[in-house]
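Student: structure, please.
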Amino acid sequence: MRRIPLSASLALAIASTVGSASATPEYPGVIDATLNAMCGPPASRCLICHTTARGGQGTAEQPFVRHLRTLGLTHGHDPSALRNALNLLDENWDSDDDTEPDKKELRECGNPSGDDLGAGPEYGCDGAQLVPLAASRESRSPAVAALAIGLAALLVHFARRR
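Tutor: Numbering: from 1, shown residues only. From the prediction side, this is the model:
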């Protein structure tokens with residue numbers, strides 16, 4: 001009988017730490033908004049900054065992003081730092097030495113770090129689905145998380161009783 005209150009307490013404790021999502025916009029969307037481009041997918045746009053189409057921590061090492069770091073871009077999700085770095089980017093800077101300036105390539109949905117972009121992964125950088133910020137916040141509910149945790153705790157409880 002003690003496991004039900006313990007399971008319920010655990011579920012409530014976890015649910016109380018679940019807040020609203022504080023997701024930041026994906027960097028390709030920030031690039032588009034800052035440079036007045038309308039590129040959207042493909043998700044392989046991660047290759048503008050990352051060494052793999054999946055993106056992920058520690059892979060943002062392409063020539064373009066290395067230059068943006070000299071302009072104040074920091075690691076992590078900081079859309080304002082990306083906007084500021086893009087605004088400081090010289091109109092004639094060419095990270096990949098292909099004679100096309102980075103800003104022009106970005107406005108034309110190209111890759112200022114090298115090869116043209118392919119289709120990439122279906123769900124965007126690091127496996128995350130690219131969705132608008134408002135939609136991602138609305139789709140995550142602490143009540144749904146608490147319910148899922150509570151149901152999982154009950155399932156574990158009844159499985160152990162058998």
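
Student: where does the chain have low pLDDT?
Tutor: For the chain, the stretches with pLDDT under 70 are 1-25, 42-43, 76, 118-142.

Student: now do 50
Tutor: Within the chain, the segments meeting pLDDT under 50 span 1-2, 15-25, 122, 128-139.

Student: could you chop it up by domain?
Tutor: 1-20+140-162, 23-132 (automatic domain parsing).

Student: now the end-to-end length of stretch 46-55.
Tutor: End-to-end distance of stretch 46-55: 6 Å, with C-alpha to C-alpha, to the nearest Å as the criterion.

Student: likewise for stretch 50-63?
Tutor: Its start and end residues considered, stretch 50-63 measures 9 Å (C-alpha to C-alpha).

Student: quick revisit: deepest of the domains of the chain, which one?
Tutor: Highest mean neighbour count of the domains of the chain: domain 23-132, a mean of 17 (counted as mean count of other C-beta atoms under 10 Å). All C-beta atoms are positioned from the backbone trio N, CA, C, and that covers glycine.

Student: assign a three-state SS to R69, would you?
Tutor: Secondary structure assignment for R69 (DSSP: H, G, I helix; E, B strand; the rest coil): helix.

Student: where's the nearest residue to it once chain neighbours are set aside relative to A153, distance?
Tutor: Distances taken as C-beta to C-beta, 6 or more residues apart in numbering put A85 closest to R69, at 7.9 Å, once the chain neighbours are dropped. Distance of A85 to A153, given as C-beta to C-beta, to the nearest Å: 46 Å.

Student: what's the host helix or strand of E105 packed up against?
Tutor: In this assignment (DSSP states H and E), E105 forms part of helix 102-107. Applying 3 or more C-beta pairs under 8 Å, 6 or more residues apart in numbering; DSSP states H and E, one finds that helix 102-107 makes contact with helix 27-35.
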